[in-house]
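A.B. asks: quick one, fold the following:
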Amino acid sequence: QVQLVESGGGLVQAGGSLRLSCVASGRTFNTYVMGWFRQAPGNEREFVAAISRSGRTTRYGDSVKGRFTISRDNAKNTVYLQMNSLKPEDTAVYYCAADYKLGSPSDNRYEYDYWGQGTQVTVSS
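C.D. replies: All right, here's what the predicted structure looks like:
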């Protein structure tokens, strides 16, 4: 089992940047595929990005490609989401997710067994 704690959310103006962090504790971090999802009020939880155990393979949602970058530091048990050129439509609660059964990064939220409590990102226009 793994526990996930997100941080780094906040209020930023459109065009600005934020970096989210998710620290994992429990089972060995490098055995997990990691993902970021987000959920705005009234919307379904949406895939943002995912990364393989080694960090060599990444995957992004269409709405964030070219603006967001996912990375991980296995020595620090941490996965990051660097968010640049933020838009008001990026406003949401951002969740970190983990799964040790996945063979590769997945965009399917139902395939992740472990979730953090979320961090709010608000982008003002």
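
A.B. asks: hey, let's count contacts and neighbours off CA atoms from now on
C.D. replies: Noted.

A.B. asks: partner residues bridging Thr122?
C.D. replies: According to DSSP bridges, the residues that bridge with Thr122 are Leu11.

A.B. asks: what about the residue lying closest to Met83 once chain neighbours are set aside, how many neighbours?
C.D. replies: Distances taken as Cα to Cα, 6 or more residues apart in numbering put Phe68 closest to Met83, at 4.5 Å, once the chain neighbours are dropped. By other Cα atoms under 10 Å, the residues close to Phe68 number 20.

A.B. asks: for Phe68, what are its contacts?
C.D. replies: For Phe68, the contact set (Cα atoms under 8 Å, 6 or more residues apart in numbering) comprises Leu81, Gln82, Met83, Asn84.

A.B. asks: give the helix, strand or coil label for the residue nearest to the spatial centre of the chain.
C.D. replies: Centroid-nearest residue in the chain, with Cα atoms, centre = their mean: Trp36, separated by 2.2 Å. With DSSP: H, G, I helix; E, B strand; the rest coil as the basis, Trp36 sits in strand.

A.B. asks: residues contacting the closest residue to it other than its chain neighbours?
C.D. replies: Spatial nearest neighbour of Trp36, excluding adjacent residues (Cα to Cα, 6+ apart): Cys96 at 4.7 Å. Counting by Cα under 8 Å, 6+ apart, Cys96 makes contact with Leu4, Val5, Glu6, Cys22, Met34, Gly35, Trp36, Phe37, Trp115, Gly116, Gly118.
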